[in-house]
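**Q** Quick check, what structure comes out for this input:
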Amino acid sequence: MVLRGIARKGRPEELEAIRAMYDACTAELEGLPYLPNGVTGVFPGTEMIREALEAGRLYVVEVSGEDEPRGSLAFFGAEEHNSASVLRRGELVGGLIANHEGDEEYALIPWKCPAPENEILVLHAMRMRKACQGCGFAKALIALAIEDARARGMKALRLDTLEDHPTAIHIYSSAGFEERMRMRMHYGDIGDVNAVMFEMVL
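**A** All right, here's what the predicted structure looks like:
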């Protein structure tokens with residue numbers, strides 16, 4: 001079966017469903033090789049989700065049906081993807097948040113774009129259900145965030161990801177982000193990590 005989904009902005013009334021999606025994604029992170037100490041905290045927090053929804057800067061992937069139009073934000077998995085038969089139409093399976101808030105380490109990075117904070121968006125909490133990984137859904141979320149940032153007149157997008165997560169590094173690099181620096185950071189949910197700092201000048 002075809003696994004098809006739509007990347008779109010989340011809606012405030014979907015707060016509980018988005019919270020549940022993030023919790024399910026977090027549960028699936030346990031035991032992964034790039035998280036040897038597991039996940040000990042909650043990220044993103046519910047208030048962070050709520051604020052992003054209210055600002056119109058939380059993007060989600062929704063499983064769609066065979067009769068959905070093939071618009072620019074539709075994307076497709078493999079024809080015989082095993083997850084197509086178990087995921088429900090309308091189910092939220094991925095998310096991404098953008099805001100103006102970078103961690104304190106961001107002040108140490110030699111960013112290429114010297115724009116003020118209100119002209120920069122930082123991407124956070126890219127998550128995808130395990131059943132949907134490898135289908136291009138993450139790329140669709142990033143493309144939507146880039147499109148929205150440009151429409152808002154932003155000058156650049158920034159983010160950080162784990163140095164030990166080559167798949168994430170590849171996804172961001174292939175989307176057009178450029179590596180700026182590698183450094184030690186503290187993540188509230190997983191502890192001290194080696195991180196890769198990325199930037200896209202819009």
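**Q** How are the helices of the protein distributed by residue range?
**A** Remark: helices assigned in the chain by DSSP state H are 15-27, 46-55, 137-151, 166-174.
**Q** Now the longest one: buried residues?
**A** Of the residues in helix 137-151, those scored as buried under the neighbour-count criterion (16 or more other C-beta atoms under 10 Å) are F137, A138, A140, L141, I142, A143, L144, A145, I146, D148, A149. Every C-beta, even on glycine, is put in place using the N, C-alpha and C of the backbone.
**Q** Figure out which of the helices of the chain is closest to G90.
**A** Comparison of the helices of the chain against G90 by C-beta to C-beta identifies helix 15-27 as nearest, at 9.3 Å.
**Q** So what touches the closest one?
**A** 10, 39, 42-44, 46, 49-50, 53, 58, 60, 92-95, 125, 127-130, 189 (C-beta atoms under 8 Å, 6 or more residues apart in numbering).
**Q** Narrow the residues you listed to those in strands?
**A** Taking DSSP state E, the ones among these that sit in strands are L58, V60, L92, V93, G94, G95, A125, R127, M128.
**Q** you'd agree F137 is up against G95?
**A** No. Shown here, F137 and G95 do not form a contact pair, counting by C-beta atoms under 8 Å, at 10.5 Å.
**Q** Now do the shared contacts for those two.
**A** What both F137 and G95 touch, as defined by C-beta under 8 Å, 6+ apart, is the set V61.
**Q** re the thing from before, which one of the ones in strands among the contacts of helix 15-27 is nearest H170?
**A** Ranked by distance to H170 (C-beta to C-beta), the ones in strands among the contacts of helix 15-27 are led by M128 at 14.1 Å.
**Q** neighbours around the residue nearest to the closest one when sequence neighbours are not counted, how many?
**A** Using C-beta to C-beta, 6 or more residues apart in numbering and skipping residues adjacent in sequence, the residue nearest M128 is G94, 4.1 Å away. The number of residues packed around G94, counting by other C-beta atoms under 10 Å, is 25.
**Q** residue contacts, G94?
**A** By C-beta under 8 Å, 6+ apart, G94 lies in contact with 5, 21, 25, 60-61, 126-129, 132, 137-138, 141.
**Q** Likewise for M197?
**A** M197 makes contacts with Y106, I109, R158, L159, D160, E179, R180, M181, R182, M183, as judged by C-beta under 8 Å, 6+ apart.
**Q** Among those residues, the buried ones, what's the PyMOL command?
**A** Buried residues among the contacts of M197 (16+ other C-beta under 10 Å), as a PyMOL selection:
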select buried, resi 106+109+158+159+160+180
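**Q** In this structure, which residue is most central in space?
**A** The central residue of the chain, meaning the one whose C-alpha is nearest the mean C-alpha position (C-alpha atoms, centre = their mean), is M126 at 2.1 Å.
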